[in-house]
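Trainee: sharing a sequence plus its predicted fold:
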Amino acid sequence: MTSDNNDFTKNPVEITIKIAMTLLLFTWCFYIVQPFIVPLVWALIITVSIFPIYKRLLLLLRGRQKLTAVLITFCLLLIIVVPFVVLGGTIASSAESLARQLSDGTLSIPLPTQKVASWPLVGETLHKYWTLIATNPMDALKPIVPQIKLLGQWLISSGFSLTVSIFQLVMAIIISGVLLANAEGCHRLALAISKRFVGAKGAEFERMSEETIRSVANGVLGVAIIQSLLVGLGFWVADVPAAALLTLVCFFLAVIQVGPGLVVIPVTIYVFSFHDTVFSLIYLVWAVFAGLIDNVLKPLLMGRGSSIPMVIIFLGAIGGMIFSGLIGLFVGAVVLALGYELFRVWVFEEQ
């Protein structure tokens, strides 16, 4: 029996105390860095996703790593954060106004046109109920008044959550710039950690992790951004009320793989009600194009080799949003997809 084993046998109390102190130290460290975990994970995702662009720009700038990282960080802040701030301000204002109108009963709803009554099957019923909501919304909505008030309160609180998420996004982009400036050291660290966990297959797992992150980031988040922007452009041209808020909802639905159809269909009915037939038909074509474009973009951006089920992305997005708010919607989808891929490779790898 070795001396180590003798020490463990003779001093179980001392060994237990050492283990407890180690666990206490790790727990303490976790609580200290907990506020930075989501921005750090998001920064890692951003870094891995844009690293190919970083390498190309690094060649153009003749290997100046810090300058390249600063330029990319500045561009990301300009491209991502500025629109988010503008959109966030618009959404917060719209949400506050809508919540106030819902609470005090002053919500103004336009009357339907006679064109709605002429629609087959549902026209007369829809026209009647729509008129009731527009002329006397409190009577029409009386059965669900408590739920509407809760919705108003949720919209107000969501404004604060959106502000926190934007701040986390700014932190993540800045951290991503620091990681890019030290890309070689970060790569060696990631490879060492991978080898520590899975041994000889560490390099393979590290490469697979990078490919999974890029695949999900491009195929889920990239497609959601493109699709929601196209849908939002249609809302803006059609002069749809609360277009910015509806665009954000479409973006959420696209990320969780439900699709913007739940918003686009009612908006299309609205457009047909208040615009002429030619404009409405043109909008319908655009809405169908924007609503189905993800079927073309996802195979192109995610790559043919991706085998991540959509249910994994859905659960990751919803769970991430519940866990850490708006930014968790993005992080959750990528992290759960990465975990799924690692688990799948570990289970089905050849012995």
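Mentor: Here it is on my side, so go on.
Trainee: all contacts plus neighbour counts: C-alpha atoms, from now on.
Mentor: Noted.
Trainee: what is the biggest helix by length in the chain packed up against?
Mentor: Counting by DSSP state H, the longest helix found in the chain is helix 12-60. Judged by 3 or more C-alpha pairs under 8 Å, 6 or more residues apart in numbering; DSSP states H and E, the packing partners of helix 12-60 are helix 65-76, helix 145-181, helix 202-216, helix 326-348.
Trainee: just how off-centre is that helix within its chain?
Mentor: 21 Å (C-alpha atoms, centre = their mean, to the nearest Å).
Trainee: angle of it against helix 65-76?
Mentor: Counting by axes from the mean of the first three to the mean of the last three C-alpha atoms, to 10 degrees, helix 12-60 lies at 80 degrees to helix 65-76.
Trainee: let me see the mean pLDDT of helix 12-60.
Mentor: The average pLDDT within helix 12-60 is 83.
Trainee: same check, this time on stretch 164-176
Mentor: 80.
Trainee: show me the contacts for Ala254.
Mentor: Contact analysis of Ala254 by C-alpha atoms under 8 Å, 6 or more residues apart in numbering lists Val220, Val223, Ala224, Gln227, Ser228, Pro260.
Trainee: ah, wrong one, I meant Gln65
Mentor: Going by C-alpha under 8 Å, 6+ apart, Gln65 touches Leu58, Leu180, Ala181, Asn182.
Trainee: so it versus Asn182, what's the distance?
Mentor: Gln65 is 8 Å from Asn182, where distance means C-alpha to C-alpha, to the nearest Å.
Trainee: repeat that for Leu24.
Mentor: For Leu24, the distance to Asn182 (C-alpha to C-alpha) stands at 31 Å.
Trainee: try Asn11
Mentor: Separation of Asn11 from Asn182 (C-alpha to C-alpha): 44 Å.
Trainee: between those two, who's got more neighbours?
Mentor: Asn182 (14 against 11; other C-alpha atoms under 10 Å).
Trainee: how about that one, phi and psi?
Mentor: Phi and psi for Asn182, reported as degrees, to the nearest 10, are phi -120, psi 40.
Trainee: burial of Ser49, as a residue count?
Mentor: The number of residues packed around Ser49, counting by other C-alpha under 10 Å, is 20.
Trainee: could you do Met21 as well?
Mentor: Count around Met21 with other C-alpha under 10 Å applied: 12.
Trainee: check contacts around it.
Mentor: Contacts of Met21 by C-alpha under 8 Å, 6+ apart: none found.
Trainee: start the count at 8, not 1, going forward
Mentor: Done: numbering now begins at 8, and the last item shifts to Met28.
Trainee: quick revisit: tell me the angle the longest helix of the chain makes with helix 209-223.
Mentor: Orientation check (the same axes, to 10 degrees): helix 19-67 against helix 209-223 gives 60 degrees.
Trainee: shaky segments in the stretch 108-257 of the chain?
Mentor: For the stretch 108-257 of the chain, applying pLDDT under 70 flags the ranges 108-118, 120-124, 126-129, 141-156, 158-170, 204-209, 211.
Trainee: still on that earlier bit, which members of the contacts of Ala261 occur in helices, if any?
Mentor: Among the contacts of Ala261, the ones falling in helices (DSSP H) are Val230, Ala231, Gln234, Ser235.
Trainee: now, which of the residues you listed sits nearest Leu304?
Mentor: Closest approach to Leu304 among the ones in helices among the contacts of Ala261 (C-alpha to C-alpha): Val230, at 6.5 Å.
Trainee: please tell me how far the closest one sits from Ala294.
Mentor: Val230 is 16 Å from Ala294, where distance means C-alpha to C-alpha.
Trainee: so Leu65 sits right up against Val77, yeah?
Mentor: No - at 11.3 Å, Leu65 does not count as touching Val77 under the criterion of C-alpha atoms under 8 Å.
Trainee: related to what we said a few turns ago, mind putting the helices and strands packed on helix 19-67 into JSON lines with distance to Ala27?
Mentor: Below are the helices and strands packed on helix 19-67 laid out as JSON lines (distance: least, C-alpha to C-alpha, whole Å):
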{"stretch": "helix 72-83", "distance to Ala27": "41"}
{"stretch": "helix 152-188", "distance to Ala27": "33"}
{"stretch": "helix 209-223", "distance to Ala27": "29"}
{"stretch": "helix 333-355", "distance to Ala27": "28"}
